[in-house]
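Undergrad: I would like the atomic coordinates for the input below:
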Amino acid sequence: MKTFKAGTYINQGYYKSFQPNNIDKEWKLDDMEIIQLLGQADRQLGRLDMFSKYTPNLEMFIQMHVTKEATQSSKIEGTKTNIEDALMEKGDVALNRIDDWTEVQNYIAAMNFGVERLQQLPFSSRLIKETHAILLKGTRGEKKQPGNFRTSQNWIGGATITDAAFIPPVHTSIADLMSDLEKFAHNESAYFPELLKIALIHYQFETIHPFLDGNGRVGRLFITLYLVAKGILKQPVLYLSDFFEKNRINYYDNLMRVRQHNDITQWFKFFLVGVIETTTNGISTFERILELQKATEIKINKLGSRAANAQKMLHYLYQKPVVNAAAIGKVTGLSIASAYKLANDMVKLGIFKEATGAQRGKLYVFEDYLNLFR
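TA: Numbers count the residues shown, from 1 in each chain. Here you go, the predicted model:
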């Protein structure tokens, strides 16, 4: 790693693009601090994977993790949608937030698609392209070649290419660079720890910037897909975007530092710290979910004959903790009037919080659960 060279700047006339070097080669791990961080990250990741393996009805909670990831990853790109907005039905979202809401919903759909698609397709450029097409569908970026690598120059930061913060490689080199990235991902002849592999792949992908739009979101999304594809995680339960969003300046600075100073070591350290912090928080969240589950079921048992419908509702709330009366009716089979009664019962028990203060079109929030993801 001490001899790592990120690439070179190429004069393109009135601007210079950055041409990254290939990464599919033998890597030697020679930094003791990275080895120590890698050990911690591996242990915590193993704990998270084991915890998720023995968590009952895990699929109920995964969608909330995906929703938080979608919200935070999109926030890095400038969207204003918070997790409460993301959990609303489209009709309940303010008109001035619809575009942001759509981008977050697409991220959720893209993540779910990617995890399912891994059953038939390996981690590859094809998978990345298919996921990208879903990400941009019906959004502000839908005319920027969804599902296809760019055929023109793009740039990062600045109003024009002449004052850009970073200019990725020319489009004619994308196919070769992505082929090299894919070969590295599947290279088993030259061992390199998988966590460092995906850290390097993420850096290289963001440097190549192969799409006209959505590169950051796709690049963060496939960190999880890669770990699932390699069997490091049995379930998609690790999402780093919250860490990247909280440390946004360091995130961008560390990526840029690799290009300018060939300092891949600092990027690896930052990435591993993110894995350690995120897995630790993830384990804590699962523990608190199980505690809340027990406490809430005790409350629901107080409803007597109405407890069965409340239990159906609770199962749904673990996936989507912001609901209206129509959703309650659909889940339980109750009329709208009865759905409102059930909602009022759950408000009295302290399970629901009414979020609008309106007489009609009320929204109910499973506040204690949602707070675990805020």
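Undergrad: model confidence over stretch 179-194, on average?
TA: In this model, stretch 179-194 has an average pLDDT of 94.
Undergrad: could you do stretch 356-373 as well?
TA: Averaged over stretch 356-373, pLDDT sits at 80.
Undergrad: contact partners for residue 64?
TA: 318-319, 321, 369, 373 (C-beta atoms under 8 Å, 6 or more residues apart in numbering). Just so you know, the C-beta spots here come from the backbone N, C-alpha and C atoms, and that holds for glycine as well.
Undergrad: what does stretch 101-120 contact?
TA: With contacts defined as C-beta under 8 Å, 6+ apart, stretch 101-120 is touched by 63, 66-67, 69-71, 73-74, 79, 81, 85-86, 88, 90, 93, 127, 130-132, 134-140, 217-218, 221-222, 224-225, 228-229, 236.
Undergrad: show me just the buried residues among those.
TA: By neighbour count, with 16 or more other C-beta atoms under 10 Å, those hold 63, 66-67, 69-71, 73-74, 79, 81, 85-86, 88, 93, 127, 130-132, 134-137, 139, 217-218, 221-222, 224-225, 228-229, 236 as buried.
Undergrad: just checking, which of the residues you listed belong to helices?
TA: 63, 66-67, 69-71, 73-74, 85-86, 127, 130-132, 134-136, 217-218, 221-222, 224-225, 228-229 (DSSP state H).
Undergrad: in the stretch 251-374 of the chain, which spans are helices?
TA: In the stretch 251-374 of the chain, the segments counted as helices under DSSP state H, counting those that start in this stretch are 264-300, 307-317, 325-332, 336-348, 367-370.
Undergrad: okay, now the unreliable bits of the stretch 251-374 of the chain?
TA: 357-360 (pLDDT under 70).
Undergrad: coming back round to it: biggest separation within the contacts of residue 64, which pair?
TA: Taking C-beta to C-beta as the measure, these span a maximum distance of 12.0 Å, between 319 and 373.
Undergrad: and the strands in the stretch 1-150 of the chain, which stretches?
TA: Remark: strands assigned in the stretch 1-150 of the chain by DSSP state E, counting those that start in this stretch are 7-11, 16-20.
Undergrad: mean pLDDT, mean neighbour count and distance to residue 175 added to the ones you listed, as JSON lines?
TA: Formatted as JSON lines, these follow (pLDDT from 0 to 100; neighbours: other C-beta atoms under 10 Å; distance: least, C-beta to C-beta, whole Å):
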{"stretch": "strand 7-11", "mean pLDDT": "96", "mean neighbour count": "13", "distance to residue 175": "17"}
{"stretch": "strand 16-20", "mean pLDDT": "97", "mean neighbour count": "18", "distance to residue 175": "14"}
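Undergrad: quick one: these as JSON lines, columns for distance to residue 277 too.
TA: Putting the strands of the stretch 1-150 of the chain into JSON lines (distance: least, C-beta to C-beta, whole Å) gives the following:
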{"stretch": "strand 7-11", "distance to residue 277": "29"}
{"stretch": "strand 16-20", "distance to residue 277": "28"}
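Undergrad: next, count neighbours for the closest residue to residue 248 other than its chain neighbours.
TA: Nearest-residue entry for residue 248: residue 76, 6.0 Å, with adjacent residues in sequence omitted and distances by C-beta to C-beta, 6 or more residues apart in numbering. Counted with other C-beta atoms under 10 Å, residues neighbouring residue 76 total 17.
Undergrad: appreciated, that's everything.
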